[in-house]
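Engineer: Following is a predicted model, sequence given first.
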Amino acid sequence: MSAVTETHEEKETLAVDVELPGHDPRKTTSLFEHSKKELEARVGGRCYICGRTSAEAGPLQAHHHPIERCFANMIDWERVALDFPTFDWKKFFAGAKRETYTVPAEGDVPAFTATVLVPVDPYLFVDDMRYNGLLLCADHHIHKDEGIHDLPFPIWIAQRYGKEGYKFSDVEIIHHEQEPSK
């Protein structure tokens, strides 16, 4: 096997087949709006990938990360709590109830019983952009061949760290509005 030494194009056809849990209709909550403003202030109003501001790129968008809104009802929140120790989990779990359920055997996976703590309102974390948000320009949020909703994560994140001027795709030449902090 020879090593690749030349720049080359990679084309991928991505097919996704996952079960999305039942969830509330998408809506903009006051928590989302308020915490998005705090996120914007904390990151200096710049896109996480390219560093452009609203004046340079149009209105910036808050992307739910790491928990997409549609997955709120399948999350084991005690696992999430381990990664976000500064979030107010006491308030989040107020009124939560433990639910035990049985998962039937399927394929090579035997049946098992699990218990999980179910919060009254999972959106108290999901819509809090201070913890569960990335500020992105529309290009790096939803556009083809450069947005997080269009690319596998390892490919998408490379744009944040790519060399200035690198041709990433037909629609993306890497350009960062800010120099890295030293």
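Structural biologist: Structure received.
Engineer: if I've got this straight, Thr100 is in a helix?
Structural biologist: No. Assessed with DSSP: H, G, I helix; E, B strand; the rest coil, Thr100 is strand; it does not lie in a helix.
Engineer: and the residue nearest to it when sequence neighbours are not counted, how far is that from Leu31?
Structural biologist: Counting by Cβ to Cβ, 6 or more residues apart in numbering, Thr115 is the residue found nearest to Thr100 once chain neighbours are left out, at 4.6 Å. C-beta here means a position set from N, CA and C on the backbone, and glycine is covered the same way. Look at Thr115 and Leu31: by Cβ to Cβ, to the nearest Å, they are 28 Å apart.
Engineer: what does Arg130 give?
Structural biologist: Taking Cβ to Cβ, one finds Arg130 at 10 Å from Leu31.
Engineer: ditto for Glu40
Structural biologist: 15 Å.
Engineer: Ile142 too?
Structural biologist: In terms of Cβ to Cβ, Ile142 sits 22 Å off from Leu31.
Engineer: Nearest residue to Ala111 in space, ignoring adjacent ones along the chain?
Structural biologist: Ala105 (4.3 Å).
Engineer: let me redo that: Pro104
Structural biologist: Ala111 (5.3 Å).
Engineer: For the top helix by length along the chain, give the mean pLDDT please.
Structural biologist: The residue-count maximum for a helix in the chain (DSSP state H) belongs to helix 30-42. Helix 30-42 carries an average pLDDT of 97.
Engineer: Centre-most residue in this protein?
Structural biologist: In the chain, the centroid-proximal residue (Cα atoms, centre = their mean) is His65; its distance is 2.5 Å.
Engineer: Using the three-state scheme, assign the closest residue to that one other than its chain neighbours.
Structural biologist: Residue nearest to His65 in three dimensions, not counting chain neighbours: Leu134, with 4.5 Å by Cβ to Cβ, 6+ apart. When classified by three-state DSSP, Leu134 comes out as strand.
Engineer: So what sits opposite Leu134 in the bridge?
Structural biologist: Going by DSSP bridges, Leu134 is paired in beta bridges with His63.
Engineer: what pLDDT does it get?
Structural biologist: Reported pLDDT for Leu134: 98.
Engineer: so who does it touch?
Structural biologist: 48, 62-63, 65, 148 (Cβ atoms under 8 Å, 6 or more residues apart in numbering).
Engineer: any idea how far Gln61 is from it?
Structural biologist: Leu134 is 9 Å from Gln61, by Cβ to Cβ.
Engineer: anything in contact with each of the two?
Structural biologist: With Cβ under 8 Å, 6+ apart, Leu134 and Gln61 have no common neighbours.
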